[in-house]
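1. Let me see the structure of the following:
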Amino acid sequence: MKLLSPSFFSAMSIRSQLKKNPFEALTKIAALDGDVIQLKIADKQAYFINNSEAALSILERTPDYYKPNDLIDPLAPLLGKSILRAEPEDFLLMRDLLHPAFQPEQFAGYTTVMQEEIDSMFAEMFQKRGTYDKLNIETEMLRLIIRFTARNFIASGLEINADSLHEALQDILDFNSLPNIIKLREKCAGKPAQAALLKNTPQFVSEAITFFDDMVDHIGSDFMQVTSDRGTFLQVLYTAYRNKSITYQQVIDQVKTILYACTFSLAETITLVLHNIDTTPGLKKKVETEVDAAIENANTPADYATMFPLLQSIIFETERLYPPHWILQRFAADSDKIGEILIPADSWIIIAPWILHRNNSFGKDPLSFNPERFVNQKELSSRLIPYEFGAYSLPGAELARYEIIYTLVQIIHKSRVLFYKKQSPELTGAPVLHAKELLFTKVERRNK
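-> Numbering: from 1, shown residues only. Presented below is the predicted three-dimensional model:
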């Protein structure tokens with residue numbers, strides 16, 4: 001392992017560059033010939049991890065060594081004391097608590113809901129004709145994933161049927177804060193990602209709080225309706241609340257977090273996968289052929305993980321180039337060693353999947369989109385870090401992967417999504433990696 005301590009990166013220059021254009025600043029730092037690059041940011045010692053193996057090692061270390069640092073604090077009013085902001089001991093407690101809600105035996109019921117919502121989306125889309133023009137695909141995917149999440153994790157624990165839930169969601173999704181959040185992101189589109197996040201965080205958080213508060217009010221206002229202990233998300237939380245393991249506010253914070261964490265990242269990934277399929281010459285026909293041939297025999301999550309190898313490789317390659325969680329930060333609670341390099345306690349650790357995914361360890365021409373690099377390369381895909389990873393991985397990670405491929409299979413089988421803008425989208429990083437501008441599409445029906 002090689003440590004570099006470049007003197008020409010002053011504390012103020014690094015901070016200003018990260019705010020001005022974080023992607024460019026991280027690329028400059030990563031270009032230095034070092035596995036670990038020592039930096040000074042404000043009054044903190046920081047270490048930029050420029051080696052994939054070292055990054056994975058740090059992320060897999062037990063939470064008492066490295067914990068998420070306070071960069072996420074601007075979102076504190078939204079996320080409260082949920083699993084995303086928990087101290088190590090509380091994180092492990094909450095992860096163990098929520099684990100039953102994400103067991104494979106729950107997936108069959110979740111799949112039924114997902115299929116119903118996808119069918120409903122297409123019924124609305126094609127009710128008058130076989131095409132839908134000028135569809136903002138990102139927002140549509142956001143609506144879809146929110147419906148999945150609200151029904152599977154919230155409404156399943158209450159006496160709320162699908163029609164009542166749809167009525168509540170329609171009010172929120174169409175006329176309340178979600179459009180304002182999208183507009184805010186549009187407003188920030190021409191500004192550097194980190195600067196836009198820092199400058200507009202209060203407004204973003206305010207809009208998001210309103211949105212998720214409305215969700216909680218509509219869907220879970222009568223929390224005491226929960227009467228069953230079948231292991232669904234809200235029922236798990238209710239049992240812990242009833243046993244006084246967690247407070248009512250922690251329940252609400254966790255509900256907001258799952259509605260937040262399970263929507264933006266998945267919606268962006270699905271949107272960018274569809275864009276890559278449409279804009280890569282010859283790829284659309286190949287993936288449609290694969291999906292049409294296998295869909296009738298795909299009945300379980302295991303089937304979806306193995307029967308669509310081309311589509312899965314496209315997902316991996318999209319997550320490689322466009323990791324939703326493009327930067328991860330840790331705070332060293334204790335001193336540690338990376339190889340022979342000492343990491344002192346109270347240091348910041350910066351890990352940028354955006355950088356690590358774009359080096360030659362992923363094969364030749366790493367800046368180009370080439371899903372074939374992942375075909376029959378299980379070891380290569382295991383080195384991806386598109387989301388939170390290792391000791392702080394979330395209990396719903398397996399379900400999230402299943403939701404992505406299941407949704408894409410259904411969309412590809414039933415429709416053809418054509419993007420008006422074919423160029424690779426310019427990206428921003430707040431709150432997760434996504435296209436700066438809205439991606440409008442024409443959607444054509446393929447199969448009913």
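2. Only alpha carbons, please: show the helix or strand Glu319 falls within as CSV.
-> Element membership of Glu319 [criterion: DSSP states H and E] is helix 309-321. Output of helix 309-321 as CSV, limited to C-alpha atoms (Å, rounded to 0.1, in the frame of the first residue of the first chain):
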residue,chain,number,x,y,z
PRO,A,309,-27.9,-13.0,-17.6
LEU,A,310,-27.7,-10.2,-20.2
LEU,A,311,-30.2,-8.0,-18.4
GLN,A,312,-28.3,-8.6,-15.1
SER,A,313,-25.0,-7.7,-16.7
ILE,A,314,-26.6,-4.4,-17.9
ILE,A,315,-27.8,-3.7,-14.4
PHE,A,316,-24.3,-4.3,-13.0
GLU,A,317,-22.6,-2.2,-15.7
THR,A,318,-25.1,0.6,-15.1
GLU,A,319,-24.4,0.5,-11.3
ARG,A,320,-20.7,0.5,-12.1
LEU,A,321,-20.8,3.7,-14.1
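3. Next SSE downstream of that helix?
-> Sequence order places strand 328-332 as the next helix or strand after helix 309-321, per DSSP H and E.
4. circling back to that earlier point, quick check: buried residues in the helix holding Glu319?
-> Buried residues in helix 309-321, defined by neighbour count with 16 or more other CB atoms under 10 Å: Leu310, Leu311, Gln312, Ser313, Ile314, Ile315, Phe316, Glu317, Thr318, Glu319, Arg320, Leu321. Quick note: C-beta positions are derived from backbone N, CA and C, even for glycine.
5. show me where the stretch 201-350 of the chain has strands.
-> Taking DSSP state E, counting those that start in this stretch to define them, one finds strands in the stretch 201-350 of the chain at 328-332, 336-338, 341-343, 348-351.
6. do the same with the stretch 51-200 of the chain
-> According to DSSP E, counting those that start in this stretch, the stretch 51-200 of the chain carries its strands in the segments 66-68, 131-136.
7. Now do the contacts for the residue most central in space within the chain.
-> Centroid-nearest residue in the chain: Ser265, 2.5 Å away (criterion: CA atoms, centre = their mean). Going by CB atoms under 8 Å, 6 or more residues apart in numbering, Ser265 touches Pro324, His325, Tyr387, Ala400, Val432.
8. could you redo the last one with a cut-off of 10 Å?
-> 145, 323-325, 386-388, 400, 404, 431-434 (CB atoms under 10 Å, 6 or more residues apart in numbering).
9. Report the separation between it and Arg85.
-> The spacing between Ser265 and Arg85, counted by CB to CB, to the nearest Å, is 17 Å.
10. in stretch 339-356, what counts as buried?
-> Ile341, Ile343, Ser347, Trp348, Ile349, Ile350, Ile351, Ala352, Pro353, Trp354, Ile355, Leu356.
11. Turn those residues into CSV, including distance to Pro63 and pLDDT.
-> CSV is the format used below for the buried residues of stretch 339-356 (distance: CB to CB, whole Å; pLDDT from 0 to 100):
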residue, distance to Pro63, pLDDT
Ile341, 21, 90
Ile343, 16, 90
Ser347, 16, 88
Trp348, 16, 87
Ile349, 13, 89
Ile350, 18, 89
Ile351, 15, 91
Ala352, 21, 91
Pro353, 19, 93
Trp354, 24, 92
Ile355, 24, 93
Leu356, 21, 95
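12. Which one of those residues is nearest to Thr280?
-> Nearest to Thr280 among the buried residues of stretch 339-356: Trp354, at 20.7 Å, using CB to CB.
13. hang on, that closest one is in a strand, isn't it?
-> No - with DSSP: H, G, I helix; E, B strand; the rest coil as the criterion, Trp354 is located in helix rather than a strand.
14. now it, nearest residue through space, not along the chain?
-> Using CB to CB, 6 or more residues apart in numbering and skipping residues adjacent in sequence, the residue nearest Trp354 is Trp326, 4.1 Å away.
15. pLDDT below threshold where in the stretch 51-200 of the chain?
-> 64, 68-80, 154-200 (pLDDT under 70).
16. in it, which spans are helices?
-> Counting by DSSP state H, counting those that start in this stretch, the stretch 51-200 of the chain has helices at residues 52-60, 76-79, 88-98, 107-125, 137-149, 162-175, 177-187, 193-220.
17. what's the pLDDT at the closest residue in space to Asp292 that isn't next to it in sequence?
-> The shortest distance from Asp292 to any residue other than its chain neighbours is 6.2 Å, reached at His413 (CB to CB, 6+ apart). On the pLDDT scale, His413 is placed at 97.
18. Tell me which residues touch His413, please.
-> By CB under 10 Å, 6+ apart, the residues touching His413 are Glu288, Val291, Asp292, Ala294, Ile295, Glu296, Arg446, Asn447.
19. Would you confirm that it belongs to a helix?
-> Yes - when three-state DSSP is applied, His413 is found to be in a helix.
20. how close does it sit to Val291?
-> Taking CB to CB as the measure, His413 falls 5 Å from Val291.
21. Identify the contacts common to the two.
-> In contact with both His413 and Val291: Arg446, Asn447, using CB under 10 Å, 6+ apart.
22. Any chance of JSON lines for the strands of the stretch 51-200 of the chain, columns distance to Ser335 and mean neighbour count?
-> Putting the strands of the stretch 51-200 of the chain into JSON lines (distance: least, CB to CB, whole Å; neighbours: other CB atoms under 10 Å) gives the following:
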{"stretch": "strand 66-68", "distance to Ser335": "11", "mean neighbour count": "21"}
{"stretch": "strand 131-136", "distance to Ser335": "49", "mean neighbour count": "15"}
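23. Where does pLDDT dip in the stretch 251-400 of the chain?
-> 261-262.
24. mind listing the helices for it?
-> 264-279, 283-294, 301-306, 309-321, 353-356, 378-381, 397-414.
25. For His99, find the nearest of the ones you listed.
-> Here helix 397-414 is closest among those (CB to CB), at 11.0 Å.
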